[in-house]
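Novice: Okay, sequence plus prediction incoming.
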Amino acid sequence: MTAGPLICPVCAAPLAGTTTALCCPAGHHFDRAREGYVNLLPARGRRAVDRGDTAAMLRARRTFLEAGYYLPLLAALYDDIASLLPPASPLARPMDEGSKAEALPLHPSESMLDAGCGEGWYLASLGARLAAAGRPVQLIGTDISRDAARLTARRYPEILTLVADTARRLPLADGAARIVLNVFAPRNPAEFARVLAPGGLLLTVIPAPEHLRELRAVAPLLAIEPDKESELIARLTAAGRLYPAGRTPVAYAMRLPPAAVQALVMMSPAAHHLDDADLQLVAELPAMTITASFVVLRFIRR
Ligand SMILES: C[S@@+](CC[C@H](N)C(=O)[O-])C[C@H]1O[C@@H](n2cnc3c(N)ncnc32)[C@H](O)[C@@H]1O
Ligand SMILES: [Zn+2]
């Protein structure tokens with residue numbers, strides 16, 4: 001049994017891990033699913049799983065992300081993370097040393113939490129780059145969707161994958177995360193500040209107003225609120241525990257074949273609302289050149 005950065009979602013005591021479960025000293029017990037993730041939603045919150053992304057949306061996103069269309073965004077995130085973490089120590093142990101074992105990948109070390117991790121591509125890719133640079137971190141992915149947890153845990157056993165609701169208390173101890181990653185997913189300013197260590201980094205990614213401009217003109221995507229960035233900064237910094245540490249715009253053109261154009265619609269939140277006519281329209285979308293435009297916002301925990 002190993003202790004790590006997790007806390008019990010019921011009583012907030014430290015959680016210890018075995019190969020089959022996570023449990024706290026008070027006897028709250030959370031089984032590991034066959035695919036390797038652990039569902040930490042308290043019983044009364046389990047209905048909330050309906051709010052997360054569907055398996056079809058997650059599969060569309062995986063196909064799109066693994067084709068590399070968002071690699072420039074990944075590179076920007078990596079640069080921010082690498083500049084925060086100390087230089088590689090000669091004693092650093094590569095993360096994948098233990099990955100052949102069947103145990104939950106839970107051990108004390110610097111943690112990176114991806115809140116709303118989806119199918120896991122960003123977290124796994126960043127973790128692999130850090131490990132290759134000799135700076136391994138414990139990877140923790142949370143998502144409210146069980147399908148997201150399933151896809152993440154199956155493909156990336158090195159990630160400690162948890163079903164958890166960002167709107168509630170996150171299952172991490174105070175200060176347990178050196179980095180919180182949050183890519184197009186719901187935010188909880190108080191919880192992000194609580195789980196970050198002093199000096200830790202929150203990286204949150206939002207779409208810029210021109211993101212997918214050409215696709216928005218022809219497909220039923222949801223609109224981007226014009227004041228999203230300033231409103232988000234105000235919300236994240238209101239309590240004075242996170243302060244803004246800069247922004248990196250990432251913008252480029254993507255030449256996409258029809259399948260990738262269609263995946264972009266099917267992986268977006270709009271996919272929750274498509275009717276038969278919309279689906280027909282999406283299936284007929286041609287190859288297109290489409291603008292990708294994101295803003296990476298950095299916040300430091302005081
Ligand atoms: C647009 S997707 C982004 C996923 C991933 N970060 C990515 O960019 O590929 C939003 C994700 O947030 C998850 N989500 C929605 N509400 C959530 C909540 N309250 N707590 C945790 N995750 C949530 C969804 O299930 C989905 O996986
Ligand atoms: Zn407990």
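Specialist: Okay, I see it. Numbering: from 1, shown residues only. Ligands and ions are numbered 1, 2, ... in the order given.
Novice: what residues does stretch 60-73 touch?
Specialist: 53, 118-119, 121-122, 151, 205, 250, 252, 254, 256, 259-260, 262-264, 266-267, 271, 292, 294, 296 (C-beta atoms under 8 Å, 6 or more residues apart in numbering). Any C-beta I mention is one placed from the backbone N, CA and C, and that applies to glycine too.
Novice: no no, stretch 205-215
Specialist: With contact meaning C-beta under 8 Å, 6+ apart, stretch 205-215 is reached by 73, 77, 182-184, 221, 224, 226, 228-229, 232, 249, 251, 261, 264-265, 288-297.
Novice: Show me what from the stretch 1-150 of the chain comes close to ligand 1.
Specialist: For the stretch 1-150 of the chain, the residues found near ligand 1 under the criterion C-beta under 6 Å from any ligand atom are R51, G52, D53, R61, G116, C117, G118, Y122, D143, I144, S145, A148.
Novice: again, 8 Å this time
Specialist: 48, 51-53, 57-58, 61, 65, 114-119, 121-122, 142-145, 147-148 (C-beta under 8 Å from any ligand atom).
Novice: model confidence over the longest helix seen in the chain, on average?
Specialist: Selection of the longest helix in the chain by residue count, based on DSSP state H, yields helix 71-84. Helix 71-84 shows a mean pLDDT of 96 in the predicted model.
Novice: Now intersect the contacts of stretch 60-73 with the helices, please.
Specialist: Counting by DSSP H, the contacts of stretch 60-73 contribute W121, Y122, L151, A259, A260, Q262, A263, L264, M266 to helices.
Novice: So which bits of the longest helix of the chain are buried?
Specialist: Under the neighbour-count criterion of 16 or more other C-beta atoms under 10 Å, helix 71-84 has L73, L74, A76, L77, Y78, D80, I81 buried.
Novice: Chain neighbours aside, what residue packs nearest to the residue in the stretch 51-200 of the chain that ligand 2 sits nearest to?
Specialist: Sorted by distance to ligand 2 under C-beta to the ion, the residues of the stretch 51-200 of the chain start with P171, at 10.5 Å. Nearest non-adjacent residue to P171, counting by C-beta to C-beta, 6 or more residues apart in numbering: L40, 4.8 Å away.
Novice: my guess is the one you found meets V163, correct?
Specialist: Yes: if you go by C-beta atoms under 8 Å, L40 and V163 touch, sitting 6.1 Å apart.
Novice: neighbour count winner among these two?
Specialist: Between L40 and V163, counting by other C-beta atoms under 10 Å, V163 is the more crowded of the two (27 against 24).
Novice: Quick check: phi and psi at that one.
Specialist: Backbone geometry at V163, expressed as degrees, to the nearest 10, gives phi -90, psi 120.
Novice: Relative to R32, how far out is it?
Specialist: V163 sits 11 Å away from R32, taking C-beta to C-beta, to the nearest Å as the criterion.
Novice: so what sits against both of these two?
Specialist: V38.
Novice: List, one by one, the residues from this structure near ligand 2.
Specialist: Remark: the part of the chain in contact with ligand 2 comprises C8, V10, C11, A13, C24, A26, H28, using C-beta under 5 Å from the ion.
Novice: Serialize the residues you listed to TSV and add fields for pLDDT, secondary structure and neighbour count.
Specialist: Listed next are the residues of the chain next to ligand 2 as TSV, based on pLDDT from 0 to 100; DSSP: H, G, I helix; E, B strand; the rest coil; neighbours: other C-beta atoms under 10 Å:
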residue	pLDDT	secondary structure	neighbour count
C8	96	coil	23
V10	94	coil	16
C11	95	coil	11
A13	97	coil	15
C24	96	coil	19
A26	97	coil	11
H28	95	coil	16
